[in-house]
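Undergrad: got a sequence here, can you model it:
(chains A, B and C)
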Amino acid sequence: MNKPRQIQSSVHLPFSFAVGAAASRFYRALRDEKSIYGTRCATCKKVSVPARSFCSHCRRAIDHRENDPWVALPEYGTLGGWCETPSRDGFFTALIQLEGADNLLLHRIGQCDAGILHKGMQVRAVWKEPGEGAITDIVCFRPDTAEVKA
Amino acid sequence: MARPVAIVGTGQTRHCKARPDVHQGELIQEAVKIALLDADLSWEDIDAIVLTNMELFEGRALPELWCGEFAGGLGKPVMKVATGGTSGTSGAIAGLMQAASGVFDTVLVVGWEKHSEGSTQTGMSLTDPAWDRHIASGAIGNFALSISQYVAERGVTEEQAAMVAVKARRNGALNPNTHLKDAGITVEKVLASPMLAEPVHLLDMCPQSDGAAALVIVGGDKTARYKNPAWFWGSATRHDQPYIGDHDQRMVKMRTLRSAAQEVYRKVGISNPFKEIDIAEIYEPVSYAELAWYEALGFCKEGDAGKLIESGATQIGGELPVNPSGGVLCANPVGATGVIRVAEAVKQLHRKAGDYQVDGARRALVTGYGVYAWSDVMFFSAEQP
Amino acid sequence: MNKPSDNPGNNPAQEKSTEYLFSEITMDLTWNTDVGETMTGFFKRLKTERCLYGMRCSECQRVYLPPRPVCGDCWLEMNEWVALGNQGTIVGKTVCHYKILDSLTGEPRKTPFVLGLIQIDGAHTTLNHFVEAPDPALVSIGDRVEIVFRDALQGNVGDIVHFQWLGPQAKPGQRDE
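TA: Residues are numbered from 1 along each chain as shown, chains lettered A, B, ... in the order given. All right, here's what the predicted structure looks like:
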């Protein structure tokens, strides 16, 4: 019986994913304005973040070119949930309830010890300088210890 | 067939080289929206969805993820068909069978591809690592090898192949959804275009497109309200062996297409395809392929494909228009291309083909082609089976 | 609800001034593929004998290259190994003018290059591979070729470097000097 053979092979595949017009505006705003935009559905009035072209609740398109569904959200909110095991670079995956949004933003909490994290704590965005037009233009959210809104 | 089913709505995006303004989900949504409008239905009416997409090309696994939001699939059963070029036609067959079974009354089929996002050639090189990956030389080289055998066997000329490309691009100029259009294209222009792999010139080849297409299928009582449904009469699918050289003289013999066509003709009662079919939307990835498919489908005798294209009979206005839409040579978002073939045949039966409408079209043949010669054949009619 | 239109698809030309963003991601992916019992046997024979082997179906008598355990046409298991010759005949041929990377070296392959469908002596299936000739235009269907193996065999398909064109007049076993 021959020893079973295994072949190792590699491929190098470059991709350039179009994020779409709605997401493009969202990321440009992160990069150029340090603003976080949501979009409001004209039917159910719910605001979703990141901004998007479709309302999950209504299953209807949000026309991001007309009717101005764009809502500038503040850069602060509360901690909805988090993963207790940190990533290799010391951040905790987290769900952030930005004030004014009707859904949670998936991002990360950092610049703190896990021990102080609690549901509902005030958090605020930490920005990357310069921005690149990616979700990582928000480096992370950090506890807003002063609990003072800007 | 368990019960009669028909396609009652179609939708396509404007296929083009790149759609940087939409992600895949938004692209799908455009086509689905048009198809639902065409069928006068809404998201809620869909019972099941079939997706057709070669996710490898975009490097995005689980294209079903788009279903919840963008194809109206939230809470509904979704299946995916990814069989290379035949994805769209095999997916359409799957959707038609779902409706014919009686388990689902209204089925949506949606196919798409966003070639601009990835490297299709690299994706295509993900074949068997033990055997053919290291000599992967792309689809064009493989086509050209088969074409060289077909040319040696049948004696078709470069000019005859170029006539196929001319027919396609002139038809494409009449179709608002095509990626490539050229009302002024000539045989000389095709032959003057850069040589890719002998004898295939650039203008002999299909493009790579971003685009989506959708079909709405209904069965049972749901068919009653439509004036011009495109009734599905039957289909056949054939796959072949795994390596390019497994069955020699592939393009000359096209055993999968021949066998599938013969099964369909038997099922629907066609004995003289050239006379009894009004239009055909066939999957021709390269101009020479259309000539080979004429013979495999029995539109002419073996060896007469060159004469057939020269006769003009396959032009719009001819006895059997082939690809009045412009065909694959005018738009090729791979996951969608088979769906587009179905949609374009159905549009003829719906009388919605506008400037490229074939008068009196009532019986339509559709074919799909993929990989190492897999074939689908389908037949639709304005008459109920 | 959006106003319905014939084609709500965006016309990219109208939004030239809008900056669309892209996620640029490169995936370098590696796989370990089990080649299976039959190909393991094929590679072992290649390495130890410097010879390609096919597999014959006892029903239809077709000799398959690459070998495999089942004949797809007959649905029959196969186990008859057949030693194949070192030469073959070109049954399909093209000259490619587009760039590809040589997977062994990672370098772009020189264009134009010749691809052939080659029927190796003893096999019924054909193999697509590169054909080396002094001038691509010389190569024709019907010409003979000879396998060029790597000097130090590793027991994988890369051991076949390419096929050397022998010319139209060469008989099996002779080389055109």
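Undergrad: would you map the helices across chain A?
TA: In chain A, helices defined by DSSP state H lie at A:21-33, listed in chain order.
Undergrad: show me where it has its strands.
TA: A:6-18, A:36-40, A:47-48, A:54-55, A:60-61, A:70-73, A:76-82, A:92-98, A:105-109, A:122-127, A:138-143 (DSSP state E).
Undergrad: do chain C as well
TA: Using DSSP E, strands in chain C cover C:22-34, C:53-56, C:63-64, C:70-71, C:76-77, C:80-83, C:87-96, C:113-120, C:127-132, C:144-149, C:160-167.
Undergrad: before we move on, the earlier item: closest one to B:Tyr265 among the strands of chain A?
TA: strand A:6-18 (41.9 Å; CB to CB). Just so you know, the C-beta spots here come from the backbone N, C-alpha and C atoms, and that holds for glycine as well.
Undergrad: quick check, that closest one touching chain C?
TA: Yes - applying CB under 8 Å from any CB of the partner chain, one finds strand A:6-18 touching chain C at A:6-18.
Undergrad: from these, list just the buried residues.
TA: A:Ile7, A:Ser9, A:Val11, A:Leu13, A:Phe15, A:Ser16, A:Phe17, A:Ala18 (16 or more other CB atoms under 10 Å in any protein chain shown).
Undergrad: packing partners for the lowest-mean-pLDDT helix or strand in chain A?
TA: One helix or strand of chain A scores below all others by mean pLDDT, DSSP states H and E: strand A:60-61, with a mean of 78. Strand A:60-61 makes packing contacts with strand A:54-55 when contacts are defined by 3 or more CB pairs under 8 Å, 6 or more residues apart in numbering or on different chains; DSSP states H and E.
Undergrad: now the strand it packs on, how far from the centre of its chain.
TA: Distance of strand A:54-55 from the chain centroid (CA atoms, centre = their mean, to the nearest Å) equals 16 Å.
Undergrad: follow-up on the earlier one: closest one to chain B among the strands of chain C?
TA: strand C:87-96 (3.5 Å; CB to the nearest CB).
Undergrad: still on that earlier bit, tabulate the buried ones among the residues of strand A:6-18 next to chain C in TSV, adding columns for pLDDT.
TA: Shown next, in TSV, are these (pLDDT from 0 to 100):
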residue	pLDDT
A:Ile7	81
A:Ser9	78
A:Val11	78
A:Leu13	79
A:Phe15	85
A:Ser16	89
A:Phe17	90
A:Ala18	92
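Undergrad: now the helix or strand where B:Val190 lies: mean pLDDT?
TA: Here B:Val190 sits within helix B:187-192, counting by DSSP states H and E. Helix B:187-192 carries an average pLDDT of 98.
Undergrad: how about A:Pro74, nearest residue that isn't a chain neighbour?
TA: A:Glu99 (5.3 Å; CB to CB, 6 or more residues apart in numbering or on different chains).
Undergrad: ok, that neighbour - contacts?
TA: A:Leu73, A:Pro74, A:Tyr76, A:Gly77, A:Thr78 (CB atoms under 8 Å, 6 or more residues apart in numbering or on different chains).
Undergrad: let me know the pLDDT of A:Ile138.
TA: 97.
Undergrad: so what pairs up with it in the strands?
TA: Beta bridges link A:Ile138 to A:Trp127 when assigned by DSSP bridges.
Undergrad: and the gap between it and A:Pro69?
TA: 21 Å (CB to CB, to the nearest Å).
Undergrad: picking up where we left off before, may I see the contacts of A:Glu99 arranged in CSV, with pLDDT and distance to B:Ala214 as well?
TA: As requested, the contacts of A:Glu99 are exported to CSV (pLDDT from 0 to 100; distance: CB to CB, whole Å):
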residue, pLDDT, distance to B:Ala214
A:Leu73, 97, 34
A:Pro74, 97, 40
A:Tyr76, 95, 42
A:Gly77, 96, 38
A:Thr78, 96, 41
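Undergrad: put the buried members of the residues you listed into a PyMOL selection.
TA: Filtering these down to the buried ones (16+ other CB under 10 Å) takes a single PyMOL command:
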select buried, chain A and resi 73+76+77+78
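Undergrad: chain C: which of the contacts of A:Glu99 is nearest?
TA: Distances from chain C to the contacts of A:Glu99, taken by CB to the nearest CB, are shortest for A:Leu73, at 19.3 Å.
Undergrad: the closest one and A:Thr39 touch, don't they?
TA: No - the pair A:Leu73 / A:Thr39 is not scored as a contact, 10.4 Å apart, by CB atoms under 8 Å.
Undergrad: tell me, what's touching the two both at once?
TA: In contact with both A:Leu73 and A:Thr39: A:Val47, using CB under 8 Å, 6+ apart.
Undergrad: now A:Thr43: closest residue in space, sequence neighbours ignored.
TA: A:Cys58 (4.8 Å).
Undergrad: who touches that neighbour in this structure?
TA: A:Cys41, A:Thr43, A:Cys44.
Undergrad: cool, and B:Ile185?
TA: B:Ala165, B:Val166, B:Arg169, B:Arg170, B:Leu203.
Undergrad: quick one: B:Asp246 and chain A, what's the gap?
TA: Separation of B:Asp246 from chain A (CB to the nearest CB, to the nearest Å): 20 Å.
Undergrad: determine the three-state secondary structure at that residue.
TA: coil (DSSP: H, G, I helix; E, B strand; the rest coil).
Undergrad: same deal with the one 5 residues further on?
TA: B:Met251 falls in the helix class when you classify it by three-state DSSP.
Undergrad: from chain C, how far off is A:Gly80?
TA: 25 Å.
Undergrad: what's near enough to touch that residue?
TA: A:Gly80 neighbours (CB under 8 Å, 6+ apart): A:Ala94, A:Leu95, A:Ile96, A:Gln97, A:Leu104, A:Lys119.
Undergrad: so among these, which ones count as buried?
TA: For those, buried by 16+ other CB under 10 Å: A:Ala94, A:Leu95, A:Ile96, A:Gln97, A:Leu104.
Undergrad: which pair in the residues you listed spans the largest distance?
TA: A:Ala94 and A:Gln97, at 10.2 Å, using CB to CB across the buried ones among the contacts of A:Gly80.
Undergrad: need the residues touching each of those two.
TA: Counting by CB under 8 Å, 6+ apart, the residues touching both A:Ala94 and A:Gln97 are A:Leu79, A:Gly80.
Undergrad: pretty sure B:Ile140 sits against B:Met205.
TA: Yes - the pair B:Ile140 / B:Met205 is scored as a contact, 6.6 Å apart, by CB under 8 Å.
Undergrad: and for these two, which residues touch both?
TA: B:Leu196.
Undergrad: list the contacts of residue 19.
TA: The chain I'm using is chain A. A:Val19 touches A:Tyr27, B:His23, C:Tyr20, C:Leu21, C:Phe22, C:Ser23, counting by CB under 8 Å, 6+ apart.
Undergrad: I was thinking of chain C, sorry if that wasn't clear
TA: Counted by CB under 8 Å, 6+ apart, C:Glu19 has contacts A:Ser24, A:Arg28.
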